[in-house]
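Enquirer: need coordinates for the below:
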Amino acid sequence: MEKSFKTLANSYRAGLLLIAIAVFVADVSGDSRVRIRLAGDIGEAAVKDPATRVHDSIWQNYSTDIRYIVERKTEGWSFDFHSVALANASNTSTEASVFGANRHNEIEIGRAWDLSAQLSSGSHHRISLFVDQLRVTYRNERWRVMLGRMPVFWGRGIVYQPLDVFNAHPPTTIDREFKRGNDSVVVERLMSNGSEVQFLSILRDSNLSSARETGTFAIKTYFPIEENELEFMLGKHYDASIVGVSSALPLGGMLLRADLATTCKDGCWTSAAVNVDYSWGVRGGILYTFIEFYYNGAGVSQLRDGLRNLPSRLASGIQRGEVFAYGRRVLAAGSSITWHALWTQSLTVLSNLNDRSVLLQTFFNHLPTDNLSMSFGIRVPFAGRNEEFGPLEVDDTSTIGGQAGVFFELSYYR
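Expert: Here you go, the predicted model:
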């Protein structure tokens, strides 16, 4: 235990050094800005968690990241550059991963070109530098062409994203300001009637001879129909084919959205998400609420064997950070209320409708100044062994997940 805390202390000394460097660099360029983020996650340790190298009663995960952003625009052209210095420290192995939560630590997974440098690493810490976005954009009245490393957003899911297979955020992610970039080429054409056509190509291997097997090549069309929106997608993702539909329909003061994706590889399966949200005033503040039903065509009805013997389509989707549920049917509901101009509270409840397990997460966000944001909250599962949100058996002697925890995030903008 003493060794793990020494590792945490050493990693944070390195993180503070990275912060100082980033702030200095930010002062040099007038076109740049910096976001500094500190985060921590603390909870009850699973005695049989294979990720735990020490038998502490609690697990602790901390991270520091400094994002240096340069954005420049001229007539018809724009340039975006995001570099990130990331330091992680934990009293559990940094290799552990549930639902792709630590895939962001595996910096260049799913990217064609390695634009990273690892400064230090060990069983309980990792310090890296990498380029998260590097994009050149040309646009005129009809065309937009983007080339480089950039985030891609498809679909209208709130918690679950059957159409977004491009590094979507896990359901319990708090920091959603930046999405992980993909090495991509995007070409968009705007039609005179307001419709759009988008061509997308994502490369995950710099060896062009094998890029077809690991890349994503797709076309998306968008049609505005009065106040409604409709999109169609068709593409190849790795070695599978995907067909998708997305729609949005206003219903009074609510907005109804639906995503549907059919994937074919050694058979076909369909996933879908339907959600509706609504906002209204409460005691001088704003209350936002939503509910979403997610059908996971790659999922299973029961997890009697835990993580053993998962279907290959489910295992690969989880490993690549595309699927964030084991179960077949999941219901998500949530709300966000503004208690004060500087204080908001968010609540999210996830429920597997097959095994009845539940995960509750709530957190407060405080904005003491214009350039400082603070969040803190709790995450509590109500689940048994080998249920969606409970401890899941990895083998006969090990389980992973299913523990309650507290977390915090602090972001400073300069």
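Enquirer: quick one: the strands in the stretch 301-414 of the chain?
Expert: Under the criterion DSSP state E, counting those that start in this stretch, strands of the stretch 301-414 of the chain are mapped to 329-340, 343-352, 358-369, 372-382, 392-393, 399-400, 405-413.
Enquirer: least reliable of those strands going by mean pLDDT?
Expert: Out of the strands of the stretch 301-414 of the chain, strand 399-400 stands lowest, with a mean of 82 (criterion: mean pLDDT).
Enquirer: and residue 87, which of the strands of the stretch 301-414 of the chain is closest to it?
Expert: Judged by CB to CB, the one of the strands of the stretch 301-414 of the chain that comes nearest to residue 87 is strand 405-413, at 14.4 Å. For glycine as for every other residue, the C-beta is placed from the backbone atoms N, C-alpha and C.
Enquirer: what's the angle from that closest one to strand 372-382?
Expert: Computed by axes from the mean of the first three to the mean of the last three CA atoms, to 10 degrees, the angle separating strand 405-413 from strand 372-382 equals 160 degrees.
Enquirer: so what sits opposite the residue nearest to residue 404 when sequence neighbours are not counted in the bridge?
Expert: In space, and not counting its chain neighbours, residue 404 is closest to residue 380: 4.7 Å by CB to CB, 6 or more residues apart in numbering. Counting by DSSP bridges, residue 380 is bridged to residue 360.
Enquirer: wait, residue 380 sits on residue 359?
Expert: Yes. Checked against CB atoms under 8 Å, the pair residue 380 and residue 359 is within contact range at 7.5 Å.
Enquirer: next up, the contacts around the residue nearest to residue 404.
Expert: Going by CB atoms under 8 Å, 6 or more residues apart in numbering, residue 380 touches 359-361, 404.
Enquirer: where does the prediction get shaky in the protein?
Expert: Within the chain, the ranges that satisfy pLDDT under 70 run 1-30, 45-56, 93-108, 208-209.
Enquirer: centroid-nearest residue for it?
Expert: The residue lying closest to the centre of the chain (CA atoms, centre = their mean) is residue 169, at 1.6 Å.
Enquirer: helix, strand, or coil at the residue nearest to that one when sequence neighbours are not counted?
Expert: Nearest non-adjacent residue to residue 169, counting by CB to CB, 6+ apart: residue 176, 5.4 Å away. Using DSSP: H, G, I helix; E, B strand; the rest coil, the structure places residue 176 in coil.
Enquirer: do you know how far residue 176 is from residue 78?
Expert: Counting by CB to CB, to the nearest Å, the separation of residue 176 from residue 78 is 23 Å.
Enquirer: hang on, the earlier thing: of all the strands of the stretch 301-414 of the chain, which one is nearest residue 202?
Expert: Closest among the strands of the stretch 301-414 of the chain, once you apply CB to CB, is strand 329-340, at 26.6 Å.
Enquirer: many thanks, we can stop here.
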